[in-house]
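Enquirer: Let's see this in three dimensions:
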Amino acid sequence: ATDADIGVGSIVSYAIKPLTYTFYSNFPFKLFAQSGELVTLKPLDRENLSTYQFSIEAQDDVVNNPRKASTQVVVHIGDDNDNAATWDPAEVDMVTINENAGVIMVAQLFASDPDEGENGTID
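Expert: Next up is the predicted model:
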């Protein structure tokens, strides 16, 4: 953010402001008040939360009548191929097949992967 004032009124500080819903108890970002730099505090996992939405407020340093501006930030977490496929059901019951039974279906198996797009494709 920029401020066209000169002197003390031109100094801008930044703060994260929660929206109307319950703010993230384990918020994974830090905003540096003087530089406005927003950084992650830990690795982010799309399968736990794919989007973070919050607002950032910029305020000048005038004591009596500070001027503020805010903007909404939406951070979308991209997918990484970080999950293995899982089977449903996790175990297959033992199957007995009579000899000379011919061609029969022994079991129907399904696997899924919580990753998104091509990362979640099972071949």
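
Enquirer: Which parts of the protein are strands?
Expert: For the chain, the strands defined by DSSP state E cover 12-17, 29-31, 38-40, 51-60, 68-76, 86-88, 110-112.

Enquirer: Dump those strands into TSV; add distance to Glu99, mean pLDDT and mean neighbour count as well.
Expert: In short, each C-beta sits where N, CA and C put it, glycine included. What follows is the strands of the chain, written out as TSV (distance: least, Cβ to Cβ, whole Å; pLDDT from 0 to 100; neighbours: other Cβ atoms under 10 Å):
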stretch	distance to Glu99	mean pLDDT	mean neighbour count
strand 12-17	69	87	16
strand 29-31	64	90	15
strand 38-40	60	95	12
strand 51-60	56	90	16
strand 68-76	56	92	11
strand 86-88	28	83	10
strand 110-112	28	86	11
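
Enquirer: per-residue pLDDT, Asp5?
Expert: Here the pLDDT value assigned to Asp5 is 57.

Enquirer: Distance check, Ala101 against Glu37.
Expert: Distance of Ala101 to Glu37, computed by Cβ to Cβ, to the nearest Å: 68 Å.

Enquirer: if we can go back for a sec, quick one: which of the strands of the chain is nearest Thr96?
Expert: strand 86-88 (20.8 Å; Cβ to Cβ).

Enquirer: thinking again about what came up before, tabulate the strands of the chain (CSV), appending distance to Ile122.
Expert: Output for the strands of the chain, formatted as CSV (distance: least, Cβ to Cβ, whole Å):
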stretch, distance to Ile122
strand 12-17, 39
strand 29-31, 33
strand 38-40, 30
strand 51-60, 25
strand 68-76, 24
strand 86-88, 10
strand 110-112, 5
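
Enquirer: Return the residues in contact with the spatially most central residue of the chain.
Expert: Most central in the chain under Cα atoms, centre = their mean is Ser50, positioned 3.5 Å from the mean C-alpha point. By Cβ atoms under 8 Å, 6 or more residues apart in numbering, the contact list for Ser50 reads His76, Ile77.
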